[in-house]
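**Student:** Structure, please.
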Amino acid sequence: MGDNDMGNDWTSDTATSKRYKTGFVYRQEDGRTRHDRIQRQNKAWELMYPQMTEAYLEWGYHGTPNVPENSNFHPDVRVIELNGSRDIQFPLNIDQSFIVTMVRHGYIGTAPLHPSLAFSCQVLELVRVLTARCPQLSLQSFVKSLCDLHRVPYRATFRNHLSTALDAYLGILRQIKAQINMVLQQDHPHWHLKNTCPSCMYVLEEEPKMEFSMLVAMDGNESLKRVEHAQREKTSDGGIHSSQNIERPDSRYIQDHMYLNEAQVNYFRHEVKQQKVKAADLCQPDLVAPSPAMRPVFAADADEGQPIDGVDQPNPCIERWENLADDSTKKHLGIFHETGLFVAVCRHGCALVMCDMVQSGELAKYGLAVTNELLDAFGPGLMLGYNIGCGFSATVNNSKLVGPKLRQHHAQFCVGSFHGHAHCRSCQLDWHPLYIKGCGLEDFETCERVFSRSNALASSTWHTSAFHRQKVAEMSKLRTTSPHYHHASRPQ
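**Tutor:** Here you go, the predicted model:
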């Protein structure tokens, strides 16, 4: 416990004494429902963000302001600090709201209007840094550790309070980042994408032209799933059917330069149609196409093509990939909303573009959307590595939206060296990077190394909201990019 602690819990002493003396608390009847509680709370926070951001910058530069002796004060607020908890009276300021006054003193409340609990900015910054470095650390574990340090019993509501305050704190940091980008004229849609990796994108004067301007690896990963909050019923054949979505509305979305939203991805959903018969089985006319009951698929898979559905020639590599994709799809069981991430990274492991795979397996639209974004940002000379690059190259070339760009910029596809061993010999001679001039010793398996680090996030994303899942991915970017920046700047 800290020396300034005034109680044995994180609840206000006034509220505690009132509850125990009277035995009950009078409450005004509230006719509102809890269904839109999150939306109403988010709208209240959004109105406060500009003033909170200004107050946070003033506190960071000038420190805590001096309070005049004749000031009026708000009711006591219990504040949580690293070394303990205590009750504080914040000065009453008619020119600004209560929550802005708290931020000016270095605290962020757990409610936008009338908070009775607040966390210090040092505690919230510690949570942000620890989560970026150690994705396995959940908010619940951090709160329990903080309770142990303060010697107070843990309550489930403490975790919710910290989550609300952390969302507000990260919102303030995003506002500050947006202002800095605007002042430095770095708010162009592709500016951050073009300056993500100095080793790949910084070109010296009179530098000899390379065979390829940049080497990029792309792939999908299914560990960062999120369970759909829905009422589920068993069907007559023993399956699971989601009858109604019961998730509370939450319209928050993090505007990230590398994150493609669902609308940007669905723009390419009709570029490739799903084949009724596998391309590798075109040489077997007597083979009967499997019925839908033999292969459980998502609703989004009904008419959307796979990455290899643009191939019109028999290919054994395609059959192996389809069989593996079918086995993976069966594991989803239709209970997930986001089923993973599709990402593109440079050869040094810096994330360039990513998008969510929503209620589907690894469809062609994800690769098309990512390829289109890369071509728009970097222009000619890209070499793109994909585990099914031999088949996906035909799919992209047959696309009316992306195909002309691919040919205009002379971009090419290849197959990663690790996955390439599963391809047939004739395919390896054409698509393996070992036999492509300009690829050097690059294996194009950087995505697998990135996924080995991001898989640690899986335990904290399965049962969260869509916004908090994206927030976890955003906070973990430091874990992906910082090691590269450290090694790139290290003297040889």
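
**Student:** need the longest strand for the chain.
**Tutor:** strand 336-346 (DSSP state E).

**Student:** What is that strand packed up against?
**Tutor:** Where contact means 3 or more Cβ pairs under 8 Å, 6 or more residues apart in numbering; DSSP states H and E, strand 336-346 is packed against strand 214-221, strand 226-227, strand 351-358, helix 364-378, helix 446-454, helix 466-475. C-betas here are computed from N, CA, C, even on glycine.

**Student:** Give the partner strands of it in its sheet and their orientations.
**Tutor:** With DSSP bridges as the test, strand 336-346 is paired with strand 214-221 (antiparallel), strand 226-227 (antiparallel), strand 351-358 (antiparallel).

**Student:** lowest-confidence stretch among these?
**Tutor:** Here these differ in mean pLDDT, and the lowest is strand 226-227 at a mean of 84.

**Student:** Find out how far that one is from the centre of the chain, if you would.
**Tutor:** 13 Å (Cα atoms, centre = their mean, to the nearest Å).

**Student:** And the contacts of that strand?
**Tutor:** With contacts defined as Cβ atoms under 8 Å, 6 or more residues apart in numbering, strand 226-227 is touched by 335-338, 461-464, 466, 469.

**Student:** tell me the angle of the longest strand of the chain relative to helix 466-475?
**Tutor:** Here the directions of strand 336-346 and helix 466-475 differ by 20 degrees (axes from the mean of the first three to the mean of the last three Cα atoms, to 10 degrees).

**Student:** okay, now residue 337: neighbour count?
**Tutor:** Residue 337 has 19 neighbours, counted by other Cβ atoms under 10 Å.

**Student:** from what I can see residue 220 touches residue 338, true?
**Tutor:** No. Residue 220 is not in contact with residue 338 according to Cβ atoms under 8 Å; the separation is 11.9 Å.

**Student:** Common neighbours of these two, please.
**Tutor:** residue 357.

**Student:** The longest helix anywhere in the chain packs against which elements?
**Tutor:** Longest helix of the chain, by residue count under DSSP state H: helix 156-183. Other helices and strands packing on helix 156-183, by 3+ Cβ pairs under 8 Å, 6+ apart, are helix 37-62, strand 107-109, strand 117-120, helix 121-133, helix 139-150, helix 466-475.

**Student:** Tabulate the CA atom coordinates of the fourth one in CSV.
**Tutor:** This points to helix 121-133. Output of helix 121-133 as CSV, limited to C-alpha atoms (Å, rounded to 0.1, in the frame of the first residue of the first chain):
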residue,chain,number,x,y,z
CYS,A,121,-1.3,8.0,-16.9
GLN,A,122,1.8,6.2,-15.7
VAL,A,123,-0.2,3.0,-15.0
LEU,A,124,-1.8,3.2,-18.4
GLU,A,125,1.5,3.8,-20.2
LEU,A,126,3.0,0.8,-18.4
VAL,A,127,0.1,-1.4,-19.6
ARG,A,128,0.6,-0.2,-23.2
VAL,A,129,4.3,-0.9,-23.2
LEU,A,130,4.0,-4.3,-21.4
THR,A,131,1.3,-5.4,-23.8
ALA,A,132,3.3,-4.4,-26.8
ARG,A,133,6.3,-6.4,-25.6
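
**Student:** Would you mark the buried spots in it?
**Tutor:** For helix 121-133, the neighbour count (16 or more other Cβ atoms under 10 Å) marks 121, 123-124, 127-128, 131-132 as buried.

**Student:** Let's have the residues you listed in CSV, adding pLDDT.
**Tutor:** Formatted as CSV, the buried residues of helix 121-133 follow (pLDDT from 0 to 100):
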residue, pLDDT
121, 96
123, 96
124, 95
127, 92
128, 90
131, 84
132, 80
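
**Student:** how much space between the residue in the chain sticking out farthest from the centre and residue 77?
**Tutor:** Here the chain reaches farthest from its C-alpha mean at residue 70, the gap being 48.1 Å by Cα atoms, centre = their mean. Distance of residue 70 to residue 77, computed by Cβ to Cβ, to the nearest Å: 21 Å.
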